[in-house]
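**Q** missing the sequence, but the structure's below:
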């Protein structure tokens, strides 16, 4: 019996084909995340900046070379909070952390600590007692916070020390990383220690802040003493003359559980103890951030040079100077798999959102008392910043880091436009038509199925289109919680200050959004009952 | 000896709606009888309760008090869907579903009654012929492609699909131009003699009521002021309101 909006042949074939494609993408994209036997695998995490990834990569290669363990890398994990909660929940087994961060951020200690040894012993003891997390021997360098100004500007103002800043504070244009702005051992503590107020200090992504500094848009940024980009720009580090910044010695922290299961790990990682100086770390960072060499290659070269790894491939690597299109072309295989991963994330999220939001929207038309609260709630969800929503997912049991959390977050974002448009679409059907339908003897379900739903299709489809476009955009942030997708190159590009990599993620994402909108437009056209003007009562987002 | 019950009977029916400024009495103490194959027109100014009165017959509106019987049976004791499928319903602008073809609009109830395709198709063609539309040409089209008069004919055909004994028509010709309306009036009179349905028509056009109805029920502020033929209303008005209403609503041609 032909009913609803389309003959079953037309609708059915399309819907099944779409579902089949999405499932294929899911199995394809999900393959990497499937956990094999846990005993053979450890997961190394890294924060979303180059040094953290480099240290993680060095540890990963060493463990791979010296043990039977398989190592999975979870790079680009948001900020400290994200990576640490991943460690505590067992999503990852170890990651490189800094003593100062452990002290002030993770232990929330207010008392300043200036002695590196005291800081290390302090965090080591307390992490073990509180969380059964173990600090292994430090790598040997300290990556403290520092304030940086362009050398010419610093000289012109006569600034060499942080205490010199107060005289010029009101006129300085300052870009601090969001983490630095918030942390007690960052700007708030610094401001108190030096009685310093910087009225024009704004929060910025680190890579962008550097760019702005280089372009003369900013006078000062926060930086790290081992920052590889220090060599790239002509920069003056300001002396911390009141010794405010605590020591930031880098060391691996590892779960007690993992350490007991694989005692060989501590022996292997001890080979890295006190093996990297400040200078060396800066050189390594420079190699990836400025020379644009890969993390894998720089890590391998370091390990070979330290005779911790056999010299497998000694071919010298040149700096990467390809243009954006050459890069895109060379990365086409990788880009394609990222596109598939991205599509799987958004496709599954939107599909699930449709399955939830359309029935919910219809239910609301029958229970108008709930319409305000429910649509309001989905609206509130949408006002949560996307990165925050992604971060909220991590501690939820069963979600954690990766695709599941990303899909749930995307799904929550996708709800509002679909619920709202479904509700509005059905409510917008001419009441004379529904009354005629009821008056002639259609049951309520028949009125909905035969009259209201088909007439609401253009509006509902407009909601689904909006949700899809939003999801494709937000999904680029999913890389922050290790869910992959086209956000990966964007995030790496931001860390390396490499606009080509940013474009390598952003261009395909934009193309995907345009393509998806066009395809859904055609689907909308196909689903719109003939006899209705196309999009006659659609509510444009 | 008892005579058969009237086809439709309203006994002391009252409808009170909740309003922003307290309850509003829309229909008050209305008692009406419509005989078999009779055409009754309910007339009155807008807001007089005529549409509400009609909608209580197919229970689109439930009465607050009173009883409505069809063929002697209380409507509230019947299955709602069965009751409505036994009463054809025509609304002002046709109420045709714009996303369905003319044929599907007419055959929808047959489809829901699980008639087979051939039987539904034959019935649709028969009904289109009956209302004077060529089935092969009009059937596959969508309502949007039809004129107002054609749409109203299709609406009547749809109401007749399951051959119900009763038809309710809410301002059926109100949205049409005068020429089309006059033409449809003639066709209606022809149809009603052929089909023998009991028909209730709500209208605000007194001339139309006198043309189409065997009797007319004149309503004012929720109450039925007088029920009768044109002659009865003219010659024996129940109140000065009736006289005034007739004078105001019949032009020189009828006076």
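**A** That came through fine. Since this is a predicted model, take the numbers as computed values, not measurements. Residues are numbered from 1 along each chain as shown, chains lettered A, B, ... in the order given.

**Q** show me where chain B has helices.
**A** B:50-57, B:80-85, B:102-112, B:117-130, B:135-138, B:148-159, B:178-195, B:206-212, B:230-235, B:240-249 (DSSP state H).

**Q** need the contact partners of the last one.
**A** Yep, that's helix B:240-249 we're talking about. If you take CB atoms under 8 Å, 6 or more residues apart in numbering or on different chains as the criterion, helix B:240-249 is touched by B:205-207, B:218, B:220, B:225-226, B:233-234, B:237, B:255. Using the backbone N, CA and C atoms, a C-beta is placed for each residue, glycine as well.

**Q** so for that helix, what's the average pLDDT?
**A** Mean per-residue pLDDT for helix B:240-249: 88.

**Q** the third one too?
**A** In this model, helix B:102-112 carries a mean pLDDT of 94.

**Q** how far is it from where the chain is centred?
**A** 20 Å (CA atoms, centre = their mean, to the nearest Å).

**Q** and the shortest one, by the same measure?
**A** Per CA atoms, centre = their mean, the displacement of helix B:135-138 from the mean C-alpha position of its chain is 26 Å.

**Q** and it, which residues are buried?
**A** B:135, B:138 (16 or more other CB atoms under 10 Å in any protein chain shown).

**Q** what do you get for the last one?
**A** Buried residues in helix B:240-249, defined by neighbour count with 16+ other CB under 10 Å: B:242, B:245-246, B:249.

**Q** returning to what we had before: just the contacts of helix B:240-249 now: which is nearest chain A?
**A** Of all the contacts of helix B:240-249, residue B:205 has the smallest distance to chain A: 19.4 Å, by CB to the nearest CB.

**Q** quick check, the closest one in contact with residue B:176.
**A** No. Using CB atoms under 8 Å, residue B:205 makes no contact with residue B:176, being 11.0 Å away.

**Q** more neighbours, these two?
**A** For residue B:205 versus residue B:176, the count of surrounding residues by other CB atoms under 10 Å in any protein chain shown is larger for residue B:176: 19 against 16.

**Q** what sits against that one?
**A** B:148-149, B:152, B:184.

**Q** mind checking how far residue B:28 is from residue A:333?
**A** 80 Å (CB to CB, to the nearest Å).

**Q** out of these two, which sits in the busier spot?
**A** Ranked by neighbour count (other CB under 10 Å), residue B:28 and residue A:333 place residue B:28 first, with 18 against 8.

**Q** without its sequence neighbours, what residue ends up closest to that one?
**A** Ranked by CB to CB, 6 or more residues apart in numbering or on different chains and with sequence neighbours excluded, the top spatial neighbour of residue B:28 is residue B:222, at 4.0 Å.

**Q** that neighbour reaches residue B:24, doesn't it?
**A** No. Look at residue B:222 against residue B:24 with CB under 8 Å: they stay out of range, at 9.1 Å.

**Q** just say helix, strand or coil for the residue nearest the centre of chain A.
**A** In chain A, the centroid-proximal residue (CA atoms, centre = their mean) is residue A:480; its distance is 1.4 Å. Three-state call for residue A:480 (DSSP: H, G, I helix; E, B strand; the rest coil): helix.

**Q** from residue B:17, how far out is the residue nearest to residue B:28?
**A** 11 Å.

**Q** same check on residue A:230?
**A** Taken as CB to CB, the span from residue A:230 to residue B:17 is 78 Å.

**Q** now the residue positioned nearest the centre of chain B: how far from chain A?
**A** With distances taken as CA atoms, centre = their mean, the residue of chain B nearest its centroid is residue B:169 (2.1 Å). Per CB to the nearest CB, to the nearest Å, residue B:169 is found 11 Å from chain A.

**Q** so that residue bridges to which residues?
**A** residue B:90, residue B:201 (DSSP bridges).

**Q** is it in contact with residue B:192, as I believe?
**A** No. Judged on CB under 8 Å, residue B:169 makes no contact with residue B:192 at a distance of 10.9 Å.

**Q** joint contacts of these two?
**A** Shared contacts of residue B:169 and residue B:192, defined by CB under 8 Å, 6+ apart, are found at residue B:199.

**Q** which one (most neighbours) among the contacts of helix B:240-249?
**A** Going by other CB under 10 Å, residue B:218 tops these with 27 neighbours.

**Q** and residue A:397, how many neighbours?
**A** 6.

**Q** next one: residue B:134
**A** The number of residues near residue B:134, taken as other CB under 10 Å, comes to 10.

**Q** can you report phi and psi for it?
**A** phi -70, psi 110 (degrees, to the nearest 10).

**Q** list the contacts of it.
**A** residue B:128.

**Q** what's the answer for residue B:120, then?
**A** B:107, B:110-111.

**Q** that older thread, and the contacts of helix B:240-249, which two are furthest apart?
**A** B:220 and B:255 (20.6 Å; CB to CB).

**Q** quick one: low-confidence parts of the chain?
**A** Just going to use chain A. Applying pLDDT under 70 to chain A flags the ranges A:1-39, A:231-232, A:311-321, A:533-541.

**Q** look at chain B instead
**A** B:1-2, B:251-255.

**Q** and it, which residues reach chain A?
**A** B:55, B:58, B:60, B:81-85, B:87-89, B:91-93, B:95, B:97-101, B:108-109, B:111-112, B:142-144, B:158-159, B:168 (CB under 8 Å from any CB of the partner chain).

**Q** and those residues, which are buried?
**A** B:55, B:58, B:60, B:83-85, B:87-89, B:91-93, B:95, B:97-101, B:108-109, B:111-112, B:142-143, B:158-159, B:168.

**Q** how about residue A:370: what's its closest non-neighbour residue?
**A** residue A:364 (5.8 Å).

**Q** which SSE is the one you found in?
**A** Residue A:364 is part of helix A:332-366, with elements assigned from DSSP states H and E.

**Q** list the buried residues of that helix.
**A** For helix A:332-366, by 16+ other CB under 10 Å, it's A:335, A:338-354, A:356-358, A:360-362, A:364-365.

**Q** by contact count, what packs against it?
**A** The helices and strands touching helix A:332-366, judged by 3 or more CB pairs under 8 Å, 6 or more residues apart in numbering or on different chains; DSSP states H and E, are helix A:8-30, helix A:368-383, helix A:403-427, helix A:453-474, helix A:487-496, helix A:499-527.

**Q** can I get those helices in CSV with distance to residue A:209 and mean neighbour count?
**A** Shown next, in CSV, are those (distance: least, CB to CB, whole Å; neighbours: other CB atoms under 10 Å in any protein chain shown):
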stretch, distance to residue A:209, mean neighbour count
helix A:8-30, 33, 14
helix A:368-383, 26, 13
helix A:403-427, 27, 25
helix A:453-474, 23, 24
helix A:487-496, 11, 23
helix A:499-527, 15, 17
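
**Q** mind putting these into a markdown table with distance to residue B:76?
**A** As requested, the helices and strands packed on helix A:332-366 are exported to a markdown table (distance: least, CB to CB, whole Å):
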| stretch | distance to residue B:76 |
| --- | --- |
| helix A:8-30 | 39 |
| helix A:368-383 | 25 |
| helix A:403-427 | 29 |
| helix A:453-474 | 30 |
| helix A:487-496 | 62 |
| helix A:499-527 | 40 |
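
**Q** out of the ones you listed, flag the one nearest residue B:138.
**A** So among the helices and strands packed on helix A:332-366, helix A:453-474 is nearest, using CB to CB, at 21.1 Å.
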